[in-house]
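Colleague: Build the 3D model from these lines:
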Amino acid sequence: MNRTTPTSPPRPRELREARAVLKKARARTHSVSDRIAYALDQALLEHPERLSRAADYPGWIPGHRR
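Modeller: Numbers count the residues shown, from 1 in each chain. Down below sits the predicted model:
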């Protein structure tokens with residue numbers, strides 16, 4: 001799958017499972033940076049509209065150098 005291709009939002013079951021995984025990971029880590037990363041992951045799960053889409057960067061080719 002191309003990373004620039006928009007995907008459909010997670011279904012309720014997938015979202016619950018992802019939340020549970022993040023909650024367990026947050027509880028097990030002692031790293032502040034990991035906790036921040038898990039909080040950002042949670043925000044993106046809850047608000048997928050915040051992710052960029054291919055339409056945000058017209059003409060951009062992943063990995064292409066000018």
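Colleague: Report the separation between Ala54 and His64.
Modeller: Taking C-beta to C-beta, to the nearest Å as the measure, Ala54 falls 14 Å from His64. For glycine as for every other residue, the C-beta is placed from the backbone atoms N, C-alpha and C.
Colleague: Could you measure from Asp41 over to Arg53?
Modeller: As judged by C-beta to C-beta, Asp41 and Arg53 stand 19 Å apart.
Colleague: So for these two, which residue has more residues nearby?
Modeller: For Asp41 versus Arg53, neighbours defined as other C-beta atoms under 10 Å are more numerous around Asp41 (16 against 11).
Colleague: Give the other helices and strands that the helix or strand in which the more buried one is found contacts.
Modeller: Following DSSP states H and E, one finds Asp41 within helix 32-46. On a contact count with 3 or more C-beta pairs under 8 Å, 6 or more residues apart in numbering; DSSP states H and E, helix 32-46 meets helix 12-28.
Colleague: and the helix it packs on, what does it pack onto?
Modeller: Counting contacts by 3+ C-beta pairs under 8 Å, 6+ apart, helix 12-28 packs against helix 32-46.
Colleague: Now do the helix it packs on, average pLDDT.
Modeller: When pLDDT is averaged over helix 32-46, the result is 91.
Colleague: Report the distance from that helix to the chain centre.
Modeller: Helix 32-46 has its C-alpha centroid displaced from the chain centroid by 9 Å (C-alpha atoms, centre = their mean, to the nearest Å).
Colleague: Please export the C-alpha coordinates of stretch 37-54 as PDB.
Modeller: Extracted in PDB, the C-alpha atoms of stretch 37-54 (Å, rounded to 0.1, in the frame of the first residue of the first chain):
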ATOM      1  CA  ALA A  37       4.500   9.200  21.100                       C
ATOM      2  CA  TYR A  38       1.700   7.000  22.400                       C
ATOM      3  CA  ALA A  39      -0.400  10.100  23.200                       C
ATOM      4  CA  LEU A  40       0.200  11.400  19.600                       C
ATOM      5  CA  ASP A  41      -0.700   8.000  18.200                       C
ATOM      6  CA  GLN A  42      -4.000   8.100  20.200                       C
ATOM      7  CA  ALA A  43      -4.800  11.600  18.900                       C
ATOM      8  CA  LEU A  44      -4.300  10.400  15.300                       C
ATOM      9  CA  LEU A  45      -6.500   7.400  16.000                       C
ATOM     10  CA  GLU A  46      -9.200   9.700  17.300                       C
ATOM     11  CA  HIS A  47      -8.800  12.300  14.600                       C
ATOM     12  CA  PRO A  48      -7.700  10.700  11.300                       C
ATOM     13  CA  GLU A  49      -8.600  13.900   9.400                       C
ATOM     14  CA  ARG A  50      -5.400  15.400  10.900                       C
ATOM     15  CA  LEU A  51      -3.300  13.000   8.700                       C
ATOM     16  CA  SER A  52      -2.000  14.500   5.400                       C
ATOM     17  CA  ARG A  53      -3.300  13.100   2.200                       C
ATOM     18  CA  ALA A  54      -1.900  12.800  -1.300                       C
END
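Colleague: Thank you kindly, that will do.
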